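K.L.:
Next comes the sequence, and after it the predicted model I'd like to discuss.
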Amino acid sequence: MSWFREYASYLVSELRKLKFREISVSRDGFAGAKITFNKTVFCIDVLNTQNCDYALYTHLHPRHFPGYDNVDTSRVVSPSIGFFRVKPGDAISIGNVKIIAVDAYNISETGKEPAHPKGFGVGYIMKFDNAIVYHMGDTDFIPEILNLKTPIHILFIPIGCENVLCPEEALEIVKSLRPSITIPIHYVDKGFLHTFRYIAQPYTQVVVL
Amino acid sequence: MAKDVLEEIYSSEEVVPPLMKWKYITVKEYEAIYRSSIADVALFWGEEAKKLVWAKPWSKVVDGQPPNARWFVGGEINAYYNIVEKHRDSWIWGKPAIIWENELGDVEVATYEDLHNLVSRLAGALKSFGVKAGDWIAIYASPTIESLAVMLAAIKIGAPFEAIFTGFGFYEVAKRIASRKPKVFVVSDGFYRRGKVVDTLSVARKALDYSNHRCTTIVIEKTGSTRLRENEISFDNVKNLGKDSEGFTAPSNHPLFGLHVAYEDDFKPITHGVGGYLVQTFSTSKWIGLRPHDTYFCTVWPGWITGITYVVFGPLMIGSTIVLYDGSFDYPSADRWWDIIERYAVTLFLTTGSALRILSRAGDQHVKIHNMDTLKAVLVTAEPLETSVWWWTYRVVGTGSSPAITSIPEKLTGRIPVINMYIQSELATFVTGNLINHTFTPITPGSVGKPIPGFSIDVVDDYGKSVRDSIGELVLRSPWPSTPIEAPQDFWSKWVEGFYRTGDYALMTRNHTVFVLGRKDCVLKVSGYRLSPGAVENVVREVLKKNVLVVGAPDKTRFEVPIVIASESMDKEIVKKIVREYLGPIMEPADVRIEIFDEKSPRGYARRRFKEMLWNIAVQAKG
């Protein structure tokens, strides 16, 4: 393969953007998402925030947060640092975009302290003019998610089973929320992706970005 | 010729893919269903028609004798409602209708609701340009959400459309414009192919100038940077000119869309009517396996009948999600289609035999790096499929990574059905093939399966007598609901003694399995595209003032390639260049050969003689 084809291959696979109504979304890193709306870039759990206008963090674990020295806190939304500090149930507006923080946590089944205890992190529902995006953060299958009433157009869902949803649990979320498009995130082993994609596809359109 | 093809595609094996193990039926069961369907085709299709929503019921299912039989006489139907709007109050409304991806990796998604909103605005815009029911719209654009929306907008207001394949050059585009005289011409400024921009707008402008037809041109800007001319308007500006909320209710025989179909002496227009076409399309789309939960990827573009019926109409009528890929299959590498299937969890994949032939030669490694376990079938269209390519597709593409029922991935046992089917522009839909959601009998590799219920298919000898296990011509003994409402004399003359001759050689076994063996006449089949030899001859005559013949020679990859036969010396490169520029790269001759032929003898006779000669040479070379 020539260098040109290799470069083209990189461009196609690494810079893939999905346009939906007035927004475009892309993945960035392990659990990160970039959402562009009216030329403003909202980044969720993105480590390199160079091209981000606003950086949202669901929590401050290493694969989600680049470290205190690497963020401009005046443009940060998170449960524990930054100008916009949020807890589940809070709603803030940035321009015409409404951002609602929702619960994201692990349920301890062994009595041990979970990796993401309740109140430690959040998920974000972002409402644009005609599109609603939900980034779930690091969470288990928790009842608060099933009580969400808002329609979801694009769902970023963790499926890697390591302190987050397993594919079968993620399926239950999808069956409940019925998002138009579901983008799996937060997995290392592609087996989780293949299982999730296979079982979830009848209830949503899975898109692997 | 047909005998040589038969050697490549014939097999007597019967394969039940593991995923169909509990779903297949026996030949006896098939025969019972099939025979009852063709015993009274009017009764059969009348029942199928009840599955659509009619504004006014028909008074007679079929009236008149073929080929002039008219279907659902007196019936009135809102086509757009039956394609898109009927989904409004269901969960389908919020799901993606179309996922579009181009070569650069840009992705756009439109839900059924989004598509409807866009279509309604475009329909309003078309009306604001004075388009009325019955006026033609022509579209020369690669497959995008916008170009499909334009077709649907035309349908919504009762304006028939012709989608012109972007592989055609200006001369062929001009021919279609001159024949349809569209009120509005919709073009894209260009599209990406193997990293380069293909400039469709320049071709469209040249075609308009050449045809001397004046109309409004709407430009879908996908590559940008073009300055628009007088009478040209940007698609983005058109979207806000109005909104149509009504939808047109048409008599059953109102024109819906048209195509220029290859006959021996040229491409000629045929038109399908609303009622019969939608009935046939909805039923066959369900039968081939489409369901609302499916994500469906078809590599054939609107501009060819498979792309019209099974991209623009069928999947949307069902409520499936369509993946539209606007790019080359091998860019940046030969795994692009497999990558698309994996990333969008495609469940049903439809492509051509030529494409599979090329991909099989590209190597298994391109397939194996992708997990395609969501696939439930591969459908194949357009041309004879060798058993070797069928087996490659079944084993390498179709086995998947996870075992299912009796499949064993590491042994490449196969898992999902690979189904070759037969279609023709005049017939509008598939008329043979194993039907995942209806009559699925064991698959015979290389065949196009058995006749689909409702289509009275036979193979006959030169005297019109049915023949089994020997080569004859594929015919339809009864009219079908989407019999064209407008067609050239070539079509009408194919009706002999009450049945329709398709022009394709075929062999039908005693248990109704059909093997299609290529054209009996000299119409070309190149990479699955049906092309007219006369169209090439006409251009050479017009531009170079030379009288030539064009015939198809067998080709291992493209099934056939056009060969120009000249009786005097000609510059091969100039001929190729002119054909490429005027007619398009798909019609470029593979060679120019000097052979003496009697210019006064009938062209059909001379073409047949040379076609036979080229096929004999190929057979001798192989032997």
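P.N.:
Happy to help now that I have it. It should be emphasised that the depicted structure is a prediction, and the values quoted were computed from it without experimental measurement. Numbers count the residues shown, from 1 in each chain, chains lettered A, B, ... in the order given.

K.L.:
In the stretch 401-550 of chain B, which residue sits closest to chain A?
P.N.:
Shortest the stretch 401-550 of chain B-to-chain A distance, computed as C-beta to the nearest C-beta: residue-wise this is B:Ser401, at 7.2 Å. Where C-beta positions appear, they are placed from N, C-alpha and C, glycine not excepted.

K.L.:
Not counting sequence-adjacent ones, nearest residue to that residue?
P.N.:
Excluding its sequence neighbours, the residue lying closest to B:Ser401 (C-beta to C-beta, 6 or more residues apart in numbering or on different chains) is B:Asn371, at 5.1 Å.

K.L.:
ok so the one you found is a strand residue?
P.N.:
No. With DSSP: H, G, I helix; E, B strand; the rest coil as the criterion, B:Asn371 is assigned coil and is not in a strand.

K.L.:
How confident is the prediction for the residue positioned nearest the centre of chain A, by pLDDT?
P.N.:
Compute the mean C-alpha point of chain A, and by C-alpha atoms, centre = their mean the closest residue is A:His135, 3.1 Å away. A:His135 carries a pLDDT score of 98 in this model.

K.L.:
For the chain, give me the ranges with low pLDDT.
P.N.:
Picking chain A for this. Across chain A, the stretches falling below the confidence threshold (pLDDT under 70) are A:1-15.

K.L.:
my bad, chain B
P.N.:
B:225, B:622-623.

K.L.:
Contact residues of it facing chain A?
P.N.:
Taking C-beta under 8 Å from any C-beta of the partner chain as the criterion, the neighbours of chain A within chain B are B:91, B:94-96, B:99, B:103-109, B:111, B:114, B:195, B:293, B:295, B:321, B:331-333, B:342-345, B:347, B:371, B:373-374, B:401-402.

K.L.:
Can you flag the buried ones in those residues?
P.N.:
With burial judged by 16 or more other C-beta atoms under 10 Å in any protein chain shown, the buried subset of the residues of chain B next to chain A is B:94-96, B:99, B:103-109, B:111, B:114, B:195, B:293, B:295, B:321, B:331-333, B:342-345, B:347, B:371, B:373-374.

K.L.:
Would you map the helices across chain A?
P.N.:
Under the criterion DSSP state H, chain A contains helices at A:3-14, A:143-146, A:167-177, A:190-200.

K.L.:
The last one versus helix A:167-177: what angle between them?
P.N.:
For helix A:190-200 against helix A:167-177, the angle by axes from the mean of the first three to the mean of the last three C-alpha atoms, to 10 degrees is 40 degrees.

K.L.:
residues touching the nearest residue to A:Asn130 once chain neighbours are set aside, list them.
P.N.:
Using C-beta to C-beta, 6+ apart and skipping residues adjacent in sequence, the residue nearest A:Asn130 is A:Arg21, 4.7 Å away. In this structure, A:Arg21 makes contact with A:Phe128, A:Asp129, A:Asn130, A:Ala131, A:His153, B:Asp114, judged by C-beta atoms under 8 Å, 6 or more residues apart in numbering or on different chains.

K.L.:
From A:Leu155, how far out is A:Arg21?
P.N.:
In this structure, A:Arg21 and A:Leu155 are 15 Å apart, going by C-beta to C-beta, to the nearest Å.

K.L.:
Next: B:Arg35.
P.N.:
In this view, B:Arg35 and A:Leu155 are 50 Å apart by C-beta to C-beta.

K.L.:
Looking at these two, which has the bigger crowd around it?
P.N.:
A:Leu155 (25 against 10; other C-beta atoms under 10 Å in any protein chain shown).
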